[in-house]
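[1] would you be able to build a 3D model of this:
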Amino acid sequence: MPKGAPAVHLLRMSSVLASSRLPGGCVVENNNFRPAPHFPMGDDTLNLGITSGGRYMDMLLVGDVQYREDGRSETFKYESVSTQGADWVDHRVKNVLELRVENGSPVAFIMVKYKESKNLFGGTSWKETDSMVCR
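    The predicted structure follows:
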């Protein structure tokens, strides 16, 4: 795949998920790509939901996706940090997704992680609160 804007990579990620079975018994339950004109923020979005063994995890990917290709595999990485809460006890949340396709074959690996800041006032220390790995 040629190098391009991050939105191109988000669309490519969605099409890979739509055309492939996930490994490890995982199933894509929601794969809803929306181009930028649908949202005033101006970024493409992908609403993704995955089920594994009766557990469901979802993530809204907005805009920037890191992409790497090495001739044998394609790797997509997404990370977002947001603040959740309505008062002084807001906490920071990090969502991480990694997807790898090898040799143009179906998805070889997908990982979704939810993390929460250990420090209410910021910082770089994170604890994992939930994760799903399909390989």
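
[2] just say helix, strand or coil for the residue nearest to the spatial centre of the chain.
    Centroid-nearest residue in the chain: residue 97, 3.5 Å away (criterion: CA atoms, centre = their mean). Following DSSP: H, G, I helix; E, B strand; the rest coil, residue 97 is assigned to strand.

[3] and stretch 104-119, what's buried?
    Neighbour-count burial for stretch 104-119, counted by 16 or more other CB atoms under 10 Å, picks out 107, 108, 109, 110, 112, 113, 114, 115, 117. C-betas here are computed from N, CA, C, even on glycine.

[4] of these, which pair is most distant in space?
    Within the buried residues of stretch 104-119, two members stand farthest from each other by CB to CB: 108 and 117, at 30.9 Å.

[5] residue contacts, the closest residue to residue 118 other than its chain neighbours?
    Among residues not flanking residue 118 along the chain, residue 125 sits closest, at 4.3 Å (CB to CB, 6 or more residues apart in numbering). For residue 125, the contacting residues are 117, 118, 119, by CB atoms under 8 Å, 6 or more residues apart in numbering.

[6] of those residues, which one scores lowest on pLDDT?
    Least confident of the contacts of residue 125 in the model: residue 119, at 71.

[7] which residues are in contact with that one?
    residue 125 are the contacts of residue 119 under CB under 8 Å, 6+ apart.

[8] thought the residue nearest to the centre of the chain was touching residue 77?
    Yes: contact criterion CB atoms under 8 Å: residue 97 and residue 77 qualify, at 7.3 Å.

[9] need the pLDDT of the residue nearest to residue 118.
    Listed pLDDT for residue 125 reads 84.

[10] how about residue 102?
    Predicted confidence (pLDDT) for residue 102: 91.

[11] beta partners of it?
    With DSSP bridges as the criterion, residue 102 is bridged to residue 73.

[12] now it: how far from residue 55?
    Taking CB to CB, to the nearest Å as the measure, residue 102 falls 25 Å from residue 55.

[13] quick one, which of those two is more surrounded?
    Taking neighbours as other CB atoms under 10 Å, residue 102 and residue 55 compare with residue 102 leading, 13 against 10.
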